[in-house]
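[1] Pasting a predicted model and its sequence here:
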Amino acid sequence: MLSFPNCKINLGLHILNKREDGFHNLETVFYPVGLKDAVEIIPAHNTTSPITFTSSGLIVDGNNGDNICIKAYHLLKKDFPELPAIKMHLHKAIPMGAGLGGGSADGAFVLMLLNKKFNLNLSTPELLNYASQLGSDCPFFIINKPCYATGRGEILEAINTDLSKYTIILINPGIHINTGWAFSQLTPALPQKTIKEIITQPITSWQQELKNDFEMPVFEKYPAIKNIKEALYTQGAVYASMSGSGSTVYGIFEKAMAAPQFTGTGYFVKTIV
């Protein structure tokens, strides 16, 4: 059985305060975008290993044991010991560590794929619970519709934001941003206006009001990322922003405009129409 996990962008991102558990409360809007990985699961026979994992496409860093897809399998296997041995193949097209949630999407989609393939009959709330154990962004991909997110990102409220009339350009310069470092550069604060309010305004107002708190420290340390955002506006973007803690920057363009052109050694550029 085959599935295609998609990525997301953040429409605004505010870090509100630090929690007692060490995480941060935040607010953002998660918006699904059609850049997709592919994951396939088939039953495995005559094997002593519960899961055989392979991958292709973009190189997956780290040990297989740390891969979120494998963690998703073992998370369900713990509660469903009858879950059979499987072969799983992941084809990566979403850049990793890029603020696009590709890993979180893969983990969430594996949960849904296993649920469907092996008739586990898990409800959406149950899948959301398992997803929250994998990572803060994972529950969003169970819903996979535009959501206003609070808490660690796991408290989700569906919203009506629709960018289907626009073209979205994703640009990743191949710079890895350490998320821990990025958080350490911020001074959490409550905004004067919530992202939930701003997102209902005309998109032409977003440039002035819809902010990502991570941009200031990231742009200061990595001017090349700031330059991408400025270039997007120069080429006519209605709105441009860094996604998550970076380093991907996206631009939202009117569909009638010619597709902007970007070049740079090692840059990943994807147009979503």
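    Everything's here; your move.
[2] Can you give me the neighbour number for D21?
    Residue neighbour count, defined by other CB atoms under 10 Å, stands at 7 for D21. Placement of C-beta: from N, CA and C, glycine included.
[3] Would you mind measuring from the residue nearest to I272 when sequence neighbours are not counted to D37?
    Excluding the flanking residues, the one nearest I272 by CB to CB, 6 or more residues apart in numbering is I168, at 4.3 Å. Distance, I168 to D37, by CB to CB, to the nearest Å: 17 Å.
[4] Could you list the residues in contact with the host helix or strand of the residue nearest to I272?
    Per DSSP states H and E, I168 falls inside strand 166-172. Applying CB atoms under 8 Å, 6 or more residues apart in numbering, the contact partners of strand 166-172 are 9, 33, 35, 95, 98, 100, 203, 228, 232, 237-238, 247-255, 257, 259-260, 262, 267-273.
[5] what are the ranges of the helices in this structure?
    68-79, 102-117, 124-134, 138-143, 179-184, 195-198, 206-209, 215-221, 223-234 (DSSP state H).
[6] Now tell me which of those the model trusts least on average.
    Lowest mean pLDDT within the helices of the chain: helix 179-184, at a mean of 91.
[7] Check which residues of that helix are buried.
    Neighbour-count burial for helix 179-184 flags A182, F183 (criterion: 16 or more other CB atoms under 10 Å).
[8] which residue is nearest the middle of this protein?
    G101 (2.0 Å; CA atoms, centre = their mean).
[9] you'd agree that one is up against P139?
    No. G101 lies out of contact with P139 (CB atoms under 8 Å); the separation is 11.2 Å.
[10] Now for M112: which residues touch it?
    So M112 contacts S3, L127, I142 (CB under 8 Å, 6+ apart).
[11] Name only those of those residues that count as buried.
    For the contacts of M112, a burial check counting by 16+ other CB under 10 Å picks out S3, L127, I142.
[12] quick one, phi/psi of L186?
    Main-chain torsions, L186, degrees, to the nearest 10: phi -100, psi 150.
[13] For the nearest residue to it once chain neighbours are set aside, the count of nearby residues, please.
    Distance criterion CB to CB, 6+ apart; nearest residue to L186, sequence neighbours excluded, is I15 at 5.2 Å. A count of nearby residues for I15, using other CB under 10 Å, gives 21.
[14] which one is R152 nearest to, not counting chain neighbours?
    S136 (4.2 Å).
[15] List the contacts of that neighbour.
    Counting by CB under 8 Å, 6+ apart, S136 touches F23, S104, R152, G153, E154.
[16] any idea how far it lies from D79?
    For S136 relative to D79 (CB to CB), the value is 21 Å.
[17] likewise Q208?
    From Q208 across to D79, the span is 48 Å (CB to CB).
[18] go on, N64?
    Taking CB to CB, one finds N64 at 22 Å from D79.
[19] repeat for L210
    L210 sits 40 Å away from D79, going by CB to CB.
[20] Counting neighbours, go ahead and name the busier of those two.
    A direct count of neighbours by other CB under 10 Å for L210 and D79 places L210 higher, at 20 against 11.
[21] Surely the more buried one and S241 touch.
    Yes. The pair L210 and S241 passes the contact test of CB under 8 Å, sitting 7.0 Å apart.
[22] you'd agree G174 is up against V269?
    No. G174 is beyond contact range of V269, at 11.2 Å (criterion: CB under 8 Å).
[23] which of these two has more neighbours?
    Using other CB under 10 Å as the criterion, G174 and V269 rank with V269 on top: 16 against 13.
[24] ok, the more buried one - contacts?
    Counting by CB under 8 Å, 6+ apart, V269 touches I169, L170, I171, N172, F262.
[25] how about JSON lines for these, with distance to F109, pLDDT and neighbour count added?
    Converted to JSON lines, the contacts of V269 look like this (distance: CB to CB, whole Å; pLDDT from 0 to 100; neighbours: other CB atoms under 10 Å):
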{"residue": "I169", "distance to F109": "24", "pLDDT": "95", "neighbour count": "24"}
{"residue": "L170", "distance to F109": "19", "pLDDT": "96", "neighbour count": "23"}
{"residue": "I171", "distance to F109": "24", "pLDDT": "95", "neighbour count": "23"}
{"residue": "N172", "distance to F109": "21", "pLDDT": "94", "neighbour count": "26"}
{"residue": "F262", "distance to F109": "29", "pLDDT": "71", "neighbour count": "16"}
